[in-house]
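# Fold the stuff below for me.
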Amino acid sequence: MHLYIKNMVCNRCVTAVRNELTQLGHSVGEVNLGEAEIITEPTADQLKTIGASLKKLGLELIEDRKSRIIEQVKNEIVYLVHHSGDVLNTSLSFLLADKLQYDYTYLSNLFSEVEGTTIEKYYIVQRIEKVKELLVYDELSLAQIANMLGYSSAAYLSSQFKKVTGLTPTFYKSIKETKRRNIDEL
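Presented below is the predicted three-dimensional model:
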């Protein structure tokens, strides 16, 4: 049986879910962002216990089909931006339609209806979050970050960054460096 889980965004979440299900006495199969396989189907009471345990971790069981689809879209985007290391060589619409086996128009309309934003805006926000992370590490130039994340240029990345955050990448980086120095001084 597959459990669909909301708010799984990183490998630590995958490990935490695997550990939690194992501690609850379940035989666990594959665990990925947004879902976990339990070998034997849990009872209704066991599902309630699983739900309560996951809630303590900041996660949530997803029961309805539409919410599962939305979470799958989010997980694919989070994986693409934060974990895969791949540059998107095709359109996001084609990638999602292919991975989830739904027509992209359906996915887009459902996502917008439920989330109140578009898939594209969600993707942009995730990319900007990755840019912020890379800027704080201070190991790559803005041009290298732009290339790594598939932006056509550092100028376009900078423009999109400012549109989303209200700050230039350089200013954002200087703010974070100041905060980092203060922590180091403690």
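# Past the helix or strand where Val136 lies, which element shows up next along the chain?
Assigned by DSSP states H and E, Val136 belongs to helix 119-137. Toward the C-terminus, helix 119-137 is succeeded by helix 142-148 as the next helix or strand (DSSP H and E).
# what residues does the helix or strand that comes right after that following helix touch?
With elements assigned by DSSP H and E, the helix or strand that comes after helix 142-148 is helix 154-165. Here helix 154-165 makes contact (C-beta atoms under 8 Å, 6 or more residues apart in numbering) with 124-125, 127-128, 131-132, 141-143, 145-146, 149, 151, 167-169, 172. For the C-beta atoms, the positions are set from N, CA and C on the backbone; glycine is no exception.
# returning to what we had before: now the helix holding Val136: how far from the chain's centre is it?
When C-alpha coordinates are averaged (C-alpha atoms, centre = their mean, to the nearest Å), helix 119-137 and its chain have centres 10 Å apart.
# Could I get the buried residue list for it?
Residues Ile119, Tyr122, Tyr123, Ile124, Gln126, Arg127, Ile128, Lys130, Val131, Lys132, Leu134, Leu135 are the ones in helix 119-137 that count as buried (16 or more other C-beta atoms under 10 Å).
# just stretch 108-119 next, same as before
Applying 16+ other C-beta under 10 Å to stretch 108-119 flags Ser108, Leu110, Phe111, Ile119 as buried.
# Which elements pack onto the helix or strand hosting the first one?
According to DSSP H and E, Ser108 maps onto helix 104-115. Using 3 or more C-beta pairs under 8 Å, 6 or more residues apart in numbering; DSSP states H and E, the elements in contact with helix 104-115 are helix 65-78, helix 92-100, helix 119-137.
# Show me the shaky parts of the chain.
Applying pLDDT under 70 to the chain flags the ranges 86, 88-89, 176-186.
# so what's the residue nearest the centre of it up against?
For the chain, the residue nearest the mean C-alpha position is Val78 (2.8 Å; C-alpha atoms, centre = their mean). Shown in contact with Val78 (C-beta under 8 Å, 6+ apart): Val9, Leu33, Gln126.
# want to try a markdown table for those residues, with distance to Ala44 as columns?
Shown next, in a markdown table, are the contacts of Val78 (distance: C-beta to C-beta, whole Å):
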| residue | distance to Ala44 |
| --- | --- |
| Val9 | 28 |
| Leu33 | 26 |
| Gln126 | 35 |
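# any idea which of these is closest to Ala52?
Val9 (20.6 Å; C-beta to C-beta).
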